[in-house]
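Enquirer: attaching a predicted model along with its sequence, questions to come.
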Protein chains: 2
Amino acid sequence: MHASEFNVEKFVDIIEKENGTISEVYFVACGGSLVDLYSSCYFINRESSTMTAEWITSKEFVLTPPKKLGKHSVVIICSHGGNTKETVEAAELGVKEGAFVITYTHTPGSACDSEKFHAIVYDWEPETLQKDRPLGLNYSIINELIHRQEPEYKLYEGMKDGITKCDAIIRNATKKFQNKAWNFAEHYYNAPFLYIMASGSAYAQAYGFAICSLQEMQWMDCCYLDSAEYFHGPFEVTDKDHIYILLKSVGKTRMIDERAEVFLNKYAEKYEIIDAADCGMDAIDDSCVDYFNAPLFYEMSVLYRTAIQNKSGHPLDMRRYMGVVEY
Amino acid sequence: MHASEFNVEKFVDIIEKENGTISEVYFVACGGSLVDLYSSCYFINRESSTMTAEWITSKEFVLTPPKKLGKHSVVIICSHGGNTKETVEAAELGVKEGAFVITYTHTPGSACDSEKFHAIVYDWEPETLQKDRPLGLNYSIINELIHRQEPEYKLYEGMKDGITKCDAIIRNATKKFQNKAWNFAEHYYNAPFLYIMASGSAYAQAYGFAICSLQEMQWMDCCYLDSAEYFHGPFEVTDKDHIYILLKSVGKTRMIDERAEVFLNKYAEKYEIIDAADCGMDAIDDSCVDYFNAPLFYEMSVLYRTAIQNKSGHPLDMRRYMGVVEY
């Protein structure tokens, strides 16, 4: 089905009817699509008393599948192009083991958009709402599932509200940060190397910023870090020449990022703070605002990579290997 | 207790007596200690039908604890120095929630070596056997737990055998690779940047090689990657000047590393393959040999970082921040 036809109550009715109570959710994809699934995995492991979740790259899922994978599992698959070989294999493995398999893809008619799976085709335009993108669809499904399986669950209304509100917040924030992004690009578009940090459910946005926005789209060398891990090794490289981007979350892990910022302020000079607290996130309920750092930081990575592209002249869509050579 | 007094049957008797059937295992630590726990987490999620596992940095565990954490949980903590603040907090949280909390530490009398926890003090000498180190102790405990909880479990004898055999394999392998490590250091000790890749249960050895051996101990910039993710973004930076270290596993995820090697062979020039297949790993049973890549690659990272130190003249133990300044 197309995301515009998606109705979460009816969809979770089907999960319940076909598979009953769910105890594990596996988030399986590659690269940027995998990034998109991280905060949902984090959500389940923090907030659910009936389910656990795992976040795993497709080929590892296929070669070393979880022993628990079965009838009581949901496998959530994402492939933008819809034909990533190992991701399609992962979806097929899920079906074979009796799991409820959801496939997100941007590409109608692709291998992921098959009747073998519960396929959802999403748009990916600047104006596409979060509720119609994989991250928002995941939040809706998980929120509904936990609500039904766990009478004591308290985030149900807050998450629904957040999914609706986050679009305007993100749109305003990217406007507000436009000039800051241009200035960053002006200074650092040609940097030999930089580090990107984030914490909690937003961690994978540092990963995605690094591997997709910079390594893939700008051929720029960089490394991603969990801000909490920064103090247990990586901070030893810090000096006045090293460049850092810190994605500073709002919510329960904010103090982790704050600690990193204090350190950078003392020992580094070239660092960029992208602070979710400057983005109007206080409109979202405190109990679940953490989970909206991820879609915000994703759009910030788009803003920054576009600014870098416009300065570097390296087109974001230029590839030398992906889709160009055999591998 | 000291690791030399450890008896796995008696220890798991205590787990069963105090906490009954276990359904979740949380592996919680920071930096290098966290690295040490990864393959055990991967093991449980692949091989157990009664337990799931999560691998999480201490401060995130403390600030956003799992809803499932409770009486039916084991929390496995590691802190070499034994006083890492957020790790001690994590152990205390585990106790408060009724979990069975195991703390590994190298430091007798530290906060982790407390009667509040099931503390195990380990030696960390070159001659210390794997069975007496956190990784081997974890494998023994998990193996025994799964064996008791799951009648169909098949790896019990293979894992016991592997834990015993891996020391000689690793010792011989590091001798065999000494000259190769010296040559790598001779060429690349002064490299501005490099990428380190590994797959499956050995992935965190790429992470540890990067954040501990190079970023922390040599102040060298680098980035770690899951080999399976290399093709979904990061490979776009590859050219004849970029430097790669590939930790090539034996076992079920080997084909992931092989695919990366084929690509490097075609498009890169400066890459180092550390191949577990050249290390006598075939003495370990095929069904569980995967899990012995991790301790092998750890010792390889020690070998390589020592070779780099000896060429660079940058002492592995020199720090500018850790234990030197307040943060």
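Expert: Sure, I can see it.
Enquirer: what about the spatially most central residue of chain A, distance to A:Val62?
Expert: Nearest to the geometric centre of chain A sits A:Asp36, at 2.7 Å (C-alpha atoms, centre = their mean). Remark: distance between A:Asp36 and A:Val62 (C-beta to C-beta, to the nearest Å) = 19 Å. Using the backbone N, CA and C atoms, a C-beta is placed for each residue, glycine as well.
Enquirer: try A:Gly313
Expert: Distance of A:Gly313 to A:Val62, given as C-beta to C-beta: 39 Å.
Enquirer: who's more crowded, those two?
Expert: A:Val62 (23 against 7; other C-beta atoms under 10 Å in any protein chain shown).
Enquirer: the more buried one: what's it in contact with?
Expert: A:Glu86, A:Glu89, A:Ala90, A:Leu93 (C-beta atoms under 8 Å, 6 or more residues apart in numbering or on different chains).
Enquirer: which members of those are classed as buried?
Expert: A:Glu86, A:Glu89, A:Ala90, A:Leu93 (16 or more other C-beta atoms under 10 Å in any protein chain shown).
Enquirer: how is chain A carved up into domains?
Expert: Chain A resolves into domains spanning A:3-149, A:173-312 when parsed by automatic domain parsing.
Enquirer: check the offset of the longest one from the chain's centre.
Expert: In this case it means domain A:3-149. A distance of 13 Å separates the centroid of the chain from that of domain A:3-149, by C-alpha atoms, centre = their mean, to the nearest Å.
Enquirer: any buried residues in the lengthiest helix in chain A, and which?
Expert: Determined from DSSP state H, the single longest helix within chain A is helix A:156-188. For helix A:156-188, the neighbour count (16+ other C-beta under 10 Å) marks A:158-160, A:162-163, A:165-167, A:169-170, A:173-174, A:177, A:180-182, A:184-185, A:188 as buried.
Enquirer: taking the stretch 1-150 of chain A, what residue is nearest to chain B?
Expert: A:Gly31 (2.7 Å; C-beta to the nearest C-beta).
Enquirer: which residue packs closest to that residue, ignoring adjacent ones?
Expert: Using C-beta to C-beta, 6 or more residues apart in numbering or on different chains and skipping residues adjacent in sequence, the residue nearest A:Gly31 is B:His232, 2.7 Å away.
Enquirer: residues of the stretch 1-150 of chain A that sit close to chain B?
Expert: The interface of the stretch 1-150 of chain A toward chain B, taken as C-beta under 8 Å from any C-beta of the partner chain, is made up of A:24, A:30-32, A:34, A:42, A:45-49, A:52, A:54, A:57-60, A:63-68, A:84, A:86.
Enquirer: show me the residues you listed that map onto helices.
Expert: A:Gly31, A:Gly32, A:Leu34, A:Tyr42, A:Asn45, A:Arg46, A:Glu47, A:Ser58, A:Lys59, A:Glu60, A:Leu63, A:Glu86.
Enquirer: and those residues as TSV, adding distance to A:Cys288 and pLDDT?
Expert: What follows is these, written out as TSV (distance: C-beta to C-beta, whole Å; pLDDT from 0 to 100):
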residue	distance to A:Cys288	pLDDT
A:Gly31	27	98
A:Gly32	24	98
A:Leu34	22	98
A:Tyr42	12	98
A:Asn45	15	98
A:Arg46	10	98
A:Glu47	8	98
A:Ser58	29	98
A:Lys59	32	98
A:Glu60	30	98
A:Leu63	35	98
A:Glu86	32	98
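Enquirer: and the residues you listed, which is closest to B:Val12?
Expert: Top of the list for closeness to B:Val12, among these and by C-beta to C-beta, is A:Asn45 at 25.0 Å.
Enquirer: from what I can see that closest one touches A:Ser39, true?
Expert: No. Contact criterion C-beta atoms under 8 Å: A:Asn45 and A:Ser39 do not qualify, at 11.0 Å.
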